[in-house]
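1. Sequence below, structure please.
(chains A and B)
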Amino acid sequence: MRIVLADDHQLVRQCLRMCLTSYPTIEVAGEASDGPSAVAAALELKPDVLVVDISMPLLSGTEVTRQVVKALGTSCRVLALSMHSNREFVTEMFRAGASGYVVKAAAYDELVLALQTVMEGKTYVSPAVAGALVDAFMRPGGAEPELTPRERDVLRLVSGGLNTKEVADHLGISDKTVHALRGRLMKKLNLQSVADLTKYAIRTGFAALD
Amino acid sequence: MLAELVADVATTLTAAMGEQHDAVVNEALAQAGRFVGADRVYVFRFDWEHQCSSNTHEWCARDISPELPNLQQVPNAAVPWLLERLRSGLTEAIATKDLPPEAAVERELLEAQSIQSILIIPIRGAAGMIGFMGFDAVRELRAWSSTDAQLLRVLATTLGGVFERHEAYESLRVNRQAMHAVLAAIPDLVFSVSRDGRVQYSKPMPAGDLKVPQEEGQDRLLSEMLPPDVASELVAAVRTALDRGEVQTVRYPLEVPSGLQQFEARFARQDDTSAMVIVRNITEQVRTERVLEDQRERLQVLAARQSVEEELLRRHVASEVHDGIAQELAMARLLVTRALKEPANQVAALRMATEVLDGAVGHIDELIVEISPPALKELGLPAALREAGERLGSHYGVSFELVAHGLHGRLPASRESLLYWSTRELMINVVKHAEAQRMNVVLENVGEGVRITVQDDGKGIEPLGDGAVRGFGLFNTRERLRLAGGELSLKRLERGSRAVVQLPTEEASP
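-> Numbering: from 1, shown residues only, chains lettered A, B, ... in the order given. The predicted structure follows:
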């Protein structure tokens, strides 16, 4: 079984190589340290399995999976290897076309088992994330509320530490409108204060942070 | 002749009001006295509360001595026969010498005044007898005719009405004076206005800031005195106040000689057609409200920024743990489980696991320094800043040097902490954004406080605008220093930038 290791941490790649090279049937054909080079390595080396991290610079593991699966189909299986065990990460990876999902904290046995499983065309899910996957299956939906572009602007600026007047000046609207928009945002997101809005904005990536 | 006199006197009396009252009453007594040829004509008023009567008005013929000053607060008990006679309704004249034995006191009193005969008659008001009036004959004994008695009765009836009316008027006048005193005591402008906005009554005001109806504003329309938009808003409030009977409040700005002022007018329904208005200058109040609102929002923003900082730190710690330390531990576990399972390259795997664990330990140390540097607590500000600067410098490839002079002993922990984090923020700014080769930090003791200068040779910092979204860390640093009584100044140099932090050593008293 030829594999390619894609992870932005050199340490992780070294450790994986160290663990897997001496395994009789596994050959580490190549490594990649970011998204685009992971896609390139997969297309060039055509491994049986691409072991890919989700959080990678330039192109996320999810996107890498999507592109590789689209280009190579079932000839190259993708095994996600991640620190994350959140529902969203797991479901996104499977939606993108991954065949398996293993957490990095897994033991050596499990990693080998996962590689063999996806190699055989089956699906492998780490017991550590299986619960999250079942959760996702049982509770579809639950998405974040939709915000209008104006609400997004206000959220971004308010959480950036601007006061009402500054936000109004910035957007070329009246103080009153800003006030109303802020009130609507808090209601929509079920938040109580500007501080809550700010925290929400940071969590969801709206805040313009230095 | 008699009828003429009565009509004349009655007309004069009923027309008398206010200050003329006493003079007119006295004149009526004089006319009646001359007409009947009495020596003295007078009015007594009862004070039922104190059970006495007083001589209030008197006319005396030539050479007859006035008795009014002597006859004040005469106890009713002293003249029982007189009271009885008044109550009996008998109105015939009586000679002093003919007084019955039970009138011994009265006889003595009359004889002392040399009165030979009298005619007395009660004065009645709505609530009963309020006084009496009488004719005295001093020079000779007189038997007053029934015509005289009739004149006296008519006069007494007229006087009864006059006295009551006068007293009602007096009490009204006193109330009115009290009301004016109240109005004068309130600093606000008070006036009454009709439905169409016509000013009907206005409390006199010194010409000043209240550009609202003055004396000359009486009977003028609000729209003639105020800008159109203000006037129409006020008139609308008058109508609402009249229609709903609820007090209406309108706030409006007005340009007056001393500048733009804020006013508040309250409209209360007075009757069907007019409303009472109180106008108050609320410029100071509005200013205070705005300052408070400003401060409130400023605090909110600060709180928001604070929470951003906390969230950022939490994220930073989480990502350091998640991407770094946890990953290293996961890999170490993988290597160890591999070594346990596979005999091949066992030692190499374990050696690698050890290296990975060493790395994790190092990273934990670094993280602890970032969260709460032990050096700050144990060794003090210069040592902690040196450690932080060296770490940052070596991590980002910027050469770092720190000089401290004049700093002996320790500062209060909160001061050291504030200075540490402020300076660290400035150093992070340099290594991350300044593209500098060198970074120099100088700590100095300057009189009452500490000054820390962070200078670099990079591309030069952008000036810090108040409304900018960027530079979150620097903004927070500056705000926090300000709150603690210190300051942060940033200057772009010919080459690089210089940031100066100053902070008094002692906590500012609140």
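2. What are the boundaries of the strands in the stretch 301-450 of chain B?
-> B:399-405, B:438-446, B:449-456 (DSSP state E, counting those that start in this stretch).
3. Would you mind finding the most buried of the ones you listed?
-> Scoring those by mean neighbour count under mean count of other Cβ atoms under 10 Å in any protein chain shown gives strand B:449-456 as the most buried, with a mean of 22. Backbone N, C-alpha and C define where each C-beta goes, glycine included.
4. which helices and strands sit right next to it?
-> Under the contact criterion of 3 or more Cβ pairs under 8 Å, 6 or more residues apart in numbering or on different chains; DSSP states H and E, strand B:449-456 touches helix B:413-433, strand B:438-446, strand B:497-504.
5. closest to chain A out of these?
-> The minimum distance between chain A and these falls on helix B:413-433, with 8.7 Å, by Cβ to the nearest Cβ.
6. which residues are in contact with the closest one?
-> B:373, B:376-377, B:380-381, B:384-385, B:388-389, B:392-393, B:395-396, B:398, B:410-411, B:436, B:439, B:441, B:450, B:452, B:454, B:456, B:458, B:461, B:473-474, B:476-477, B:480-481, B:484, B:486, B:488, B:497, B:499, B:501, B:503, B:505, B:507 (Cβ atoms under 8 Å, 6 or more residues apart in numbering or on different chains).
7. Need the pLDDT of B:Gly217.
-> The confidence metric pLDDT takes the value 56 at B:Gly217.
8. residue ranges for the helices of chain A, please.
-> All helices of chain A, identified by DSSP state H, fall at A:10-21, A:35-45, A:61-72, A:87-96, A:108-119, A:127-138, A:149-159, A:164-171, A:175-189, A:194-203.
9. Make JSON lines out of those and add mean pLDDT.
-> Below are these laid out as JSON lines (pLDDT from 0 to 100):
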{"stretch": "helix A:10-21", "mean pLDDT": "90"}
{"stretch": "helix A:35-45", "mean pLDDT": "92"}
{"stretch": "helix A:61-72", "mean pLDDT": "90"}
{"stretch": "helix A:87-96", "mean pLDDT": "85"}
{"stretch": "helix A:108-119", "mean pLDDT": "91"}
{"stretch": "helix A:127-138", "mean pLDDT": "80"}
{"stretch": "helix A:149-159", "mean pLDDT": "83"}
{"stretch": "helix A:164-171", "mean pLDDT": "86"}
{"stretch": "helix A:175-189", "mean pLDDT": "88"}
{"stretch": "helix A:194-203", "mean pLDDT": "78"}
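10. Out of these, flag the one nearest B:Ala95.
-> helix A:175-189 (95.8 Å; Cβ to Cβ).
11. The closest one near chain B at all?
-> No - using Cβ under 8 Å from any Cβ of the partner chain, helix A:175-189 never reaches chain B; the gap is at least 10.6 Å.
12. How far away from the center of its chain is that helix?
-> 31 Å (Cα atoms, centre = their mean, to the nearest Å).
13. could you dump it to CSV, C-alpha only?
-> Extracted in CSV, the C-alpha atoms of helix A:175-189 (Å, rounded to 0.1, in the frame of the first residue of the first chain):
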residue,chain,number,x,y,z
ASP,A,175,-27.2,56.3,14.7
LYS,A,176,-30.8,55.2,15.1
THR,A,177,-30.4,52.6,12.3
VAL,A,178,-27.2,51.3,13.9
HIS,A,179,-29.1,51.0,17.2
ALA,A,180,-31.9,49.2,15.6
LEU,A,181,-29.6,46.8,13.7
ARG,A,182,-27.7,46.1,16.8
GLY,A,183,-30.9,45.3,18.7
ARG,A,184,-32.0,43.0,15.9
LEU,A,185,-28.7,41.2,15.9
MET,A,186,-28.9,40.6,19.6
LYS,A,187,-32.4,39.3,19.3
LYS,A,188,-31.5,37.0,16.3
LEU,A,189,-28.5,35.6,18.0
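14. Can you give me the separation between B:Glu233 and chain A?
-> Distance of B:Glu233 to chain A, computed by Cβ to the nearest Cβ, to the nearest Å: 19 Å.
15. Same question for B:Leu302.
-> 8 Å.
16. Generate the ChimeraX command that creates a selection of the buried members of the contacts of helix B:413-433.
-> Remark: buried members of the contacts of helix B:413-433, expressed as a ChimeraX selection using 16 or more other Cβ atoms under 10 Å in any protein chain shown:
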select /B:373,376,380,381,384,385,388,389,392,393,396,398,411,436,439,441,450,452,454,456,458,461,473,474,476,477,480,481,484,486,488,497,499,501,503
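17. Among the contacts of helix B:413-433, name the ones in helices.
-> Using DSSP H, the subset of the contacts of helix B:413-433 located in helices is B:376-377, B:381, B:384-385, B:388-389, B:392-393, B:395-396, B:473-474, B:476-477, B:480-481.
18. Please tabulate the strands of the stretch 301-450 of chain B in a markdown table and include mean pLDDT as additional columns.
-> A markdown table is the format used below for those (pLDDT from 0 to 100):
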| stretch | mean pLDDT |
| --- | --- |
| strand B:399-405 | 93 |
| strand B:438-446 | 93 |
| strand B:449-456 | 94 |
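19. Determine which residue lies closest to the centroid of chain B.
-> Centroid-nearest residue in chain B: B:Gln285, 8.0 Å away (criterion: Cα atoms, centre = their mean).
20. Can you classify the nearest residue to that residue once chain neighbours are set aside as helix, strand or coil?
-> Counting by Cβ to Cβ, 6 or more residues apart in numbering or on different chains, B:Gln285 lies nearest to B:Gln262, which is 7.7 Å off, once chain neighbours are set aside. Counting by DSSP: H, G, I helix; E, B strand; the rest coil, the backbone at B:Gln262 sits in strand.
21. Is B:Gln262 in contact with B:Glu289, as I believe?
-> No - between B:Gln262 and B:Glu289 there is no contact under Cβ atoms under 8 Å: 9.7 Å.
22. Neighbour count: those two, which is higher?
-> Taking neighbours as other Cβ atoms under 10 Å in any protein chain shown, B:Gln262 and B:Glu289 compare with B:Gln262 leading, 18 against 12.
23. related to what we said a few turns ago, turn the strands of the stretch 301-450 of chain B into TSV, including distance to B:Thr273.
-> As requested, the strands of the stretch 301-450 of chain B are exported to TSV (distance: least, Cβ to Cβ, whole Å):
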stretch	distance to B:Thr273
strand B:399-405	83
strand B:438-446	74
strand B:449-456	70
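24. Quick check: beta-bridge partners of the residue nearest to B:Gly389 when sequence neighbours are not counted?
-> Of all residues not flanking B:Gly389 in the chain, B:Phe400 sits nearest, at 4.5 Å (Cβ to Cβ, 6+ apart). B:Phe400 forms beta bridges with B:Met439, as assigned by DSSP bridges.
25. now swap in A:Glu31 and tell me
-> Beta bridges link A:Glu31 to A:Leu5, judged by DSSP bridges.
26. so how far is chain B from it?
-> Relative to chain B, and taking Cβ to the nearest Cβ, A:Glu31 is found at 15 Å.
27. Check the contact between that residue and A:Ala6; I expect there is one.
-> Yes - the criterion here is Cβ under 8 Å, and A:Glu31 meets it with A:Ala6 at 7.3 Å.
28. in the stretch 1-150 of chain B, which segments are predicted with low confidence?
-> The model of the stretch 1-150 of chain B has pLDDT under 70 over residues B:1-2, B:15-18.
29. According to the record, where do the domains of chain B fall?
-> Split into domains by automatic domain parsing, chain B comes to B:2-172, B:186-281, B:287-371, B:376-510.
30. got it, and chain A?
-> If you go by automatic domain parsing, chain A breaks into A:2-138, A:149-203.
31. Contact residues of the stretch 251-400 of chain B facing chain A?
-> The stretch 251-400 of chain B has residues B:297-298, B:300-301, B:303-308, B:311-312, B:315, B:322-323, B:326-331, B:333-335, B:337-338, B:340-342, B:344-345, B:348-349, B:352, B:356, B:359 near chain A, with proximity defined as Cβ under 8 Å from any Cβ.
32. so what's A:Thr117 closest to, chain neighbours aside?
-> A:Tyr124 (4.0 Å).
33. Correct me if wrong: the one you found contacts A:Ala106.
-> No - look at A:Tyr124 against A:Ala106 with Cβ under 8 Å: they stay out of range, at 10.5 Å.
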